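Enquirer: Sequence first, then the predicted structure:
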Amino acid sequence: MTLPRFYPIFDDVAWLRRMLPLGVKLVQLRIKDQPQDALRAQLTESRELCRAHSALLVVNDHWQLAIDLDCDWVHLGQEDLDAADVAAIRSAGLKLGISTHDKAELARALELKPDYVALGPIYPTILKKMKWHQQGVEKLSEWKDRVGDIPLVAIGGMSTDRAPGAFDAGADVVSAVTDITLHDDPEGRVREWLEVCG
Ligand SMILES: Cc1ncc(COP(=O)(O)OP(=O)(O)O)c(N)n1
Ligand SMILES: Cc1nc(C(=O)O)sc1CCOP(=O)(O)O
Ligand SMILES: [Mg+2]
């Protein structure tokens, strides 16, 4: 499977309203700590916006809601996998992306036949506290050897300047949050990302 090479992550549908018209074709909605009705409204509008812009929407964490709302993709981390019903996700036809941080997590992910594998944090991230030290781009080459044709996503501290190095090392897709959301001109930054990612 070939995925778009630029994969921004946002915490509110309002970002999707702004960024999808610029040409973003793969986007994750990563919402923490919202009540179920608000989540449902966010996912429903995001699904419709992505359909209207021919973009892929990946729902982080909320796999049951993604099934219920007829979404196409979910992203799960290792702790999410402990509680998720992967068989239900698969039988509902959803595609699945999985986070990995070490070889044991990668082995677990590969057993589930993921539609992409993410490796992070490639560089230090300020988005959330992580127990993992930065992996470095070299680890992307090792991961690419291990995942073969499964798309490999580089995440964590990524920027437009760092993206080419990640692609050269073996990433198929580069994901970013704060490089966009904390930028003075998020739309301008997304345009730069789209250019860098070709
Ligand atoms: C593309 C991508 N990679 C990694 C993550 C992290 O997932 P997870 O470890 O479950 O952590 P949270 O994002 O849920 O805090 C991701 N969301 N997307
Ligand atoms: C959500 C997330 N997961 C990571 C992982 O390594 O699994 S790093 C990360 C944060 C990415 O944000 P930023 O681009 O601002 O560093
Ligand atoms: Mg998660």
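Expert: Now that the structure is in, tell me what you want to look at. Ligands and ions are numbered 1, 2, ... in the order given.

Enquirer: does any bit of stretch 157-166 sit next to ligand 1?
Expert: No: residues of stretch 157-166 contacting ligand 1 under C-beta under 6 Å from any ligand atom: none, with a closest distance of 10.3 Å. Heads up, the C-betas are built off the backbone N, CA and C, glycines and all.

Enquirer: distance of the residue of the chain most remote from its centre from residue 10?
Expert: The centre of the chain is farthest from one residue, residue 37, which by C-alpha atoms, centre = their mean lies 23.2 Å away. To residue 10, residue 37 is 20 Å away according to C-beta to C-beta, to the nearest Å.

Enquirer: ok but the residue farthest from the centre of the chain is inside a helix, no?
Expert: Yes: with DSSP: H, G, I helix; E, B strand; the rest coil as the criterion, residue 37 is located in a helix.

Enquirer: Show the average pLDDT along stretch 33-46.
Expert: Summarised as a single mean, pLDDT over stretch 33-46 is 97.

Enquirer: residues touching whatever residue of the chain ends up closest to ligand 2, list them.
Expert: Here the chain gets closest to ligand 2 at one residue, residue 120, 2.3 Å apart by C-beta to the nearest ligand atom. By C-beta atoms under 8 Å, 6 or more residues apart in numbering, the residues touching residue 120 are 99, 101, 132, 135, 154, 155, 156.
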